[in-house]
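Participant: how does the following fold in three dimensions:
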Amino acid sequence: MSILFEEDIRKQALMNVAEKMLIAARTAPKARGVDNLILSIADKDEIVKIADMMKQMVQEGEAADFFIRDADNILRSDVLVLIATKLNPVGVKNCGLCGFSNCDEKNKYPDNPCSFNTGDLGIAVGSAVSVAMDARVDNRVMFSVGKAVNKMQLIGSEAKIIFGIPLSSSSKNIFFDR
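Facilitator: Residues are numbered from 1 along each chain as shown. Coordinates of the predicted model:
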């Protein structure tokens, strides 16, 4: 039997956790059982492109300075989980939580989310990061990553609200620099 060192298995172990995070997000409860989620994993090559876009957004005045910090953080990560939602109403009668009287009215404004879209997204993100926590993998939920991914249309035009969750396995949590 050969000897495997942690450094040799780190990337695959993080990918395994990321895969389980996607399953946890998919199986998280959703309003009326309507699934508007888009779930994906970015590898190192895509992470570099996303970080470059984040830095570009700061240079062009489209983003706050902390996007630079977040870009540097994700560059030190091997795996990046992306969790997004579409902006489709779930059809709860007489709801009005989105500010419109009903789903037909909301549909006249397709860029406005159904309140359940964002709620379901939050529950899915919480389920995903709980998997990372259970595996003792450092992670951070970043909307800054989502803004860049959205601008790049990296996971499709239907993905409207996106969060990125970089994963890290190192002796010090790289996301604990806030």
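
Participant: how about the lowest-mean-pLDDT helix or strand in the chain as CSV, C-alpha atoms only?
Facilitator: Ranking every helix and strand in the chain by mean pLDDT, DSSP states H and E puts helix 103-106 at the bottom, with a mean of 93. Extracted as CSV, the C-alpha positions of helix 103-106 are listed here (Å, rounded to 0.1, in the frame of the first residue of the first chain):
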residue,chain,number,x,y,z
CYS,A,103,-48.1,36.5,-9.7
ASP,A,104,-49.6,37.7,-13.0
GLU,A,105,-48.8,41.3,-11.9
LYS,A,106,-45.3,40.3,-10.8
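
Participant: name the helices or strands packed onto that helix?
Facilitator: Packed against helix 103-106 by the contact rule (3 or more C-beta pairs under 8 Å, 6 or more residues apart in numbering; DSSP states H and E) you find no helix or strand. In this view, the C-beta of every residue, glycine as well, is placed from N, C-alpha and C.

Participant: buried set for that helix?
Facilitator: 103, 106 (16 or more other C-beta atoms under 10 Å).

Participant: next SSE after that helix?
Facilitator: Per DSSP states H and E, the first helix or strand lying C-terminal to helix 103-106 is helix 115-134.

Participant: my read: residue 173 touches residue 137, true?
Facilitator: No: the criterion here is C-beta atoms under 8 Å, and residue 173 misses it with residue 137 at 10.1 Å.

Participant: counting neighbours, go ahead and name the busier of those two.
Facilitator: residue 137 (20 against 11; other C-beta atoms under 10 Å).

Participant: okay, now residue 29: neighbour count?
Facilitator: The local packing of residue 29 (other C-beta under 10 Å) involves 10 other residues.

Participant: residues contacting the closest residue to it other than its chain neighbours?
Facilitator: Excluding its sequence neighbours, the residue lying closest to residue 29 (C-beta to C-beta, 6 or more residues apart in numbering) is residue 123, at 6.1 Å. Residues near residue 123 by C-beta atoms under 8 Å, 6 or more residues apart in numbering: 28-30.

Participant: now those residues as TSV including distance to residue 127?
Facilitator: Below are the contacts of residue 123 laid out as TSV (distance: C-beta to C-beta, whole Å):
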residue	distance to residue 127
28	4
29	9
30	11
